[in-house]
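Visitor: Starting from these lines, generate the structure:
(one chain, ligands or ions: 1)
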Amino acid sequence: MPLRTLVAVALGICAIAGLVTAIADKGRDGSTAPAASAASRPAASKQATAFRGRTLHVQMRRLAFSPHTVRLRLGDRVIWHNADTVGHNVTTQEDPAGTILVDLRSPTIPVGGSYTYVARHLGAATYVCTIHPTTMVARIVVAGRA
Ligand SMILES: [Cu+2]
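Guide: Numbering: from 1, shown residues only. A predicted model of the protein is given here:
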(Lines give C-alpha, C1' and ligand atoms only; values in the text may rest on other atoms or scores of the structure.)
Protein backbone atom coordinates (compact mmCIF):
# COMPACT_ATOMS: atom_id res chain seq x y z
CA MET A 1 0.00 0.00 0.00
CA PRO A 2 1.49 3.41 -0.91
CA LEU A 3 2.33 5.69 2.01
CA ARG A 4 -0.14 8.33 0.81
CA THR A 5 -3.00 5.81 0.94
CA LEU A 6 -1.97 4.68 4.42
CA VAL A 7 -1.97 8.28 5.67
CA ALA A 8 -5.39 8.87 4.12
CA VAL A 9 -6.77 5.73 5.77
CA ALA A 10 -5.26 6.68 9.14
CA LEU A 11 -6.76 10.17 8.92
CA GLY A 12 -10.12 8.67 8.05
CA ILE A 13 -10.04 6.39 11.09
CA CYS A 14 -9.10 9.32 13.33
CA ALA A 15 -12.00 11.38 11.97
CA ILE A 16 -14.49 8.57 12.57
CA ALA A 17 -13.14 7.90 16.07
CA GLY A 18 -13.43 11.59 16.91
CA LEU A 19 -17.00 11.71 15.66
CA VAL A 20 -17.99 8.61 17.64
CA THR A 21 -16.41 10.06 20.80
CA ALA A 22 -18.23 13.35 20.29
CA ILE A 23 -21.57 11.58 19.84
CA ALA A 24 -20.94 9.33 22.86
CA ASP A 25 -20.01 12.33 25.01
CA LYS A 26 -23.11 14.19 23.96
CA GLY A 27 -25.30 11.23 24.88
CA ARG A 28 -23.67 10.83 28.29
CA ASP A 29 -23.78 14.53 29.01
CA GLY A 30 -27.44 14.93 28.21
CA SER A 31 -26.80 18.58 27.42
CA THR A 32 -27.01 20.25 24.06
CA ALA A 33 -24.17 22.64 24.79
CA PRO A 34 -21.22 21.96 22.52
CA ALA A 35 -18.29 20.77 24.56
CA ALA A 36 -14.84 19.69 23.52
CA SER A 37 -14.34 16.04 24.37
CA ALA A 38 -11.36 16.97 26.54
CA ALA A 39 -13.59 19.27 28.62
CA SER A 40 -16.57 16.95 28.85
CA ARG A 41 -14.62 13.91 29.99
CA PRO A 42 -13.85 15.35 33.48
CA ALA A 43 -17.54 16.39 33.69
CA ALA A 44 -18.50 12.85 34.66
CA SER A 45 -16.09 12.81 37.59
CA LYS A 46 -17.02 16.38 38.47
CA GLN A 47 -20.63 15.26 38.78
CA ALA A 48 -19.56 12.49 41.13
CA THR A 49 -17.52 14.80 43.35
CA ALA A 50 -20.02 17.69 43.30
CA PHE A 51 -22.10 15.97 45.98
CA ARG A 52 -20.58 17.02 49.30
CA GLY A 53 -23.03 15.52 51.76
CA ARG A 54 -22.96 12.14 53.39
CA THR A 55 -24.69 9.15 51.86
CA LEU A 56 -26.80 6.92 54.07
CA HIS A 57 -28.31 3.61 53.05
CA VAL A 58 -31.58 1.99 54.02
CA GLN A 59 -32.37 -1.59 53.06
CA MET A 60 -35.89 -2.74 52.28
CA ARG A 61 -36.04 -6.42 53.09
CA ARG A 62 -38.78 -8.77 54.35
CA LEU A 63 -41.32 -5.96 54.34
CA ALA A 64 -39.29 -3.74 56.64
CA PHE A 65 -36.93 -0.77 56.54
CA SER A 66 -33.47 -1.15 58.06
CA PRO A 67 -32.29 0.87 59.88
CA HIS A 68 -35.63 1.97 61.25
CA THR A 69 -34.53 5.57 61.78
CA VAL A 70 -32.29 7.45 59.39
CA ARG A 71 -30.74 10.72 60.63
CA LEU A 72 -29.20 13.18 58.23
CA ARG A 73 -28.32 16.81 57.82
CA LEU A 74 -29.45 19.17 55.10
CA GLY A 75 -27.63 18.26 51.92
CA ASP A 76 -27.07 14.63 52.88
CA ARG A 77 -28.73 11.90 50.90
CA VAL A 78 -30.39 8.60 51.60
CA ILE A 79 -30.44 5.71 49.17
CA TRP A 80 -33.14 3.10 49.71
CA HIS A 81 -32.28 -0.29 48.26
CA ASN A 82 -35.00 -2.76 47.48
CA ALA A 83 -33.51 -6.11 48.53
CA ASP A 84 -36.94 -7.67 48.81
CA THR A 85 -39.01 -9.83 46.49
CA VAL A 86 -41.73 -7.23 45.84
CA GLY A 87 -41.84 -3.57 44.89
CA HIS A 88 -41.89 -0.86 47.58
CA ASN A 89 -42.00 2.88 47.86
CA VAL A 90 -41.03 5.50 50.44
CA THR A 91 -43.61 8.14 51.22
CA THR A 92 -43.76 10.54 54.15
CA GLN A 93 -47.03 10.65 56.00
CA GLU A 94 -48.74 13.88 56.89
CA ASP A 95 -48.23 14.87 60.48
CA PRO A 96 -51.37 15.62 62.56
CA ALA A 97 -51.04 19.32 61.74
CA GLY A 98 -51.48 18.50 58.06
CA THR A 99 -47.99 19.41 56.89
CA ILE A 100 -45.73 16.96 55.12
CA LEU A 101 -42.34 17.34 56.71
CA VAL A 102 -39.36 16.13 54.70
CA ASP A 103 -41.53 15.69 51.60
CA LEU A 104 -40.43 12.24 50.55
CA ARG A 105 -42.42 10.61 47.78
CA SER A 106 -40.89 7.92 45.60
CA PRO A 107 -42.39 5.96 42.77
CA THR A 108 -42.54 2.18 43.22
CA ILE A 109 -38.97 0.96 43.59
CA PRO A 110 -38.64 -2.35 41.75
CA VAL A 111 -36.88 -5.40 43.17
CA GLY A 112 -33.15 -4.73 42.96
CA GLY A 113 -33.78 -1.05 42.39
CA SER A 114 -32.95 1.96 44.52
CA TYR A 115 -34.23 5.44 45.19
CA THR A 116 -32.15 8.46 46.19
CA TYR A 117 -33.44 11.39 48.19
CA VAL A 118 -31.36 14.49 48.96
CA ALA A 119 -32.49 16.25 52.13
CA ARG A 120 -33.59 19.77 51.24
CA HIS A 121 -36.13 20.32 54.02
CA LEU A 122 -35.67 20.34 57.78
CA GLY A 123 -37.90 18.17 59.84
CA ALA A 124 -38.73 14.76 61.13
CA ALA A 125 -41.36 12.52 59.69
CA THR A 126 -42.74 9.05 59.72
CA TYR A 127 -42.57 7.46 56.33
CA VAL A 128 -44.14 4.30 55.01
CA CYS A 129 -44.31 2.11 51.99
CA THR A 130 -47.89 2.83 50.98
CA ILE A 131 -48.19 -0.70 49.57
CA HIS A 132 -47.27 -2.31 52.94
CA PRO A 133 -48.02 0.44 55.48
CA THR A 134 -48.60 -1.88 58.44
CA THR A 135 -45.07 -3.31 58.56
CA MET A 136 -43.09 -0.81 56.54
CA VAL A 137 -43.11 2.19 58.85
CA ALA A 138 -39.91 4.08 59.61
CA ARG A 139 -38.56 7.47 60.56
CA ILE A 140 -36.49 10.12 58.80
CA VAL A 141 -34.93 13.03 60.70
CA VAL A 142 -33.30 15.94 58.90
CA ALA A 143 -31.30 18.38 61.03
CA GLY A 144 -29.61 21.63 60.08
CA ARG A 145 -25.98 21.92 59.08
CA ALA A 146 -23.64 21.77 62.07
CU1 LIG B 1 -43.73 -2.14 50.38
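Visitor: List the residue ranges of this protein that fall below the pLDDT cut-off.
Guide: Where the chain drops to pLDDT under 70, the residues are 1-49, 146.
Visitor: how about the helices of it, start to end?
Guide: In the chain, the helices defined using DSSP state H lie at 3-29, 37-50.
Visitor: From residue 55, how far off is residue 83?
Guide: 17 Å (C-beta to C-beta, to the nearest Å). (Glycine included, C-beta is placed from N, CA and C.)
Visitor: do residue 106 as well
Guide: 16 Å.
Visitor: How about residue 94?
Guide: 27 Å.
Visitor: How about residue 108?
Guide: 22 Å.
Visitor: for residue 145, same thing?
Guide: Counting by C-beta to C-beta, the gap from residue 145 to residue 55 is 16 Å.
Visitor: Could you check which of these two is surrounded by more residues?
Guide: residue 55 (12 against 8; other C-beta atoms under 10 Å).
Visitor: How about the nearest residue to the more buried one once chain neighbours are set aside: which residues does it bridge to?
Guide: Closest residue to residue 55 apart from its sequence neighbours, by C-beta to C-beta, 6 or more residues apart in numbering: residue 77 at 5.4 Å. Beta bridges link residue 77 to residue 55, residue 118, judged by DSSP bridges.
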